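S.K.: this one's sequence-less:
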């Protein structure tokens, strides 16, 4: 599968024309990441979005947990695993704002990623506002979907905690 066809399978680029996809390819930087490498570190400031072209990654978050009733300890909780076959992106908020990353992403196999820097995306969007709008709209829809899922998870956890505390 060529890069244009691959990117059209990714939701944030789904409604772009071939010409627009080629403009995106023009600002992408391909990077090879060895297995076990940290791609995004929770708490670091980020300004890039990544596309998994080959390989798999694990997304995790640091949680503070009570250990054996003795005290609290920070532990990594795996949230999800993503692979190239999922036609997925991560770090997309980095295209919109420079803020701290909310989770870590680690390569669990050798990966080929494409990185899009915020500065390059903004320059491209300024030159082609229609294309920029389509991508930002698609990112907003993706973020809304993830927010709804997080809201549902919060309700489930709150309910479970309420039941556990009432015993």
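M.R.: Yep, that arrived. Remember, predicted model here, so these are calculated numbers, not experimental data.
S.K.: for this structure, give me the ranges with low pLDDT.
M.R.: 1 (pLDDT under 70).
S.K.: just the strands from it, written as ranges.
M.R.: In the chain, the strands defined using DSSP state E lie at 29-33, 38-40, 45-46, 48-54, 56-67, 71-83, 89-90, 99-100, 104-107, 111-117.
S.K.: for the residue most central in space within the chain, give me its contacts.
M.R.: By CA atoms, centre = their mean, the chain has its centre lying nearest to residue 90, at 1.7 Å. Listed by CB atoms under 8 Å, 6 or more residues apart in numbering, the contact set of residue 90 reads 40, 49, 50, 52, 57, 59, 82, 105. Any C-beta I mention is one placed from the backbone N, CA and C, and that applies to glycine too.
S.K.: next, count neighbours for the first one.
M.R.: Read it as residue 40. Using other CB atoms under 10 Å, residue 40 has 20 other residues around it.
S.K.: isn't it right up against residue 46?
M.R.: Yes. Between residue 40 and residue 46 there is a contact under CB atoms under 8 Å: 6.2 Å.
S.K.: which residues do these two both contact?
M.R.: 91, 101.
S.K.: dihedrals phi and psi, the closest residue to residue 110 other than its chain neighbours?
M.R.: Using CB to CB, 6 or more residues apart in numbering and skipping residues adjacent in sequence, the residue nearest residue 110 is residue 35, 5.3 Å away. The phi/psi pair for residue 35 (degrees, to the nearest 10) reads phi -50, psi 140.
S.K.: ok so, going back, of the contacts of residue 90, which is the nearest to residue 3?
M.R.: residue 52 (13.0 Å; CB to CB).
S.K.: tell me what that closest one is bridged to.
M.R.: Residue 52 forms beta bridges with residue 113, as assigned by DSSP bridges.
S.K.: check the one 5 residues further on too.
M.R.: Listed beta-bridge partners, residue 57: residue 82, residue 107 (assigned using DSSP bridges).
S.K.: residue 29 now?
M.R.: Beta bridges link residue 29 to residue 115, judged by DSSP bridges.
S.K.: could you check how far it is from residue 85?
M.R.: Distance, residue 29 to residue 85, using CB to CB, to the nearest Å: 22 Å.
S.K.: by contact count, what packs against the longest helix along the chain?
M.R.: Taking DSSP state H as the criterion, the chain has its longest helix at helix 129-165. Here helix 129-165 touches helix 18-27, helix 118-127, going by 3 or more CB pairs under 8 Å, 6 or more residues apart in numbering; DSSP states H and E.
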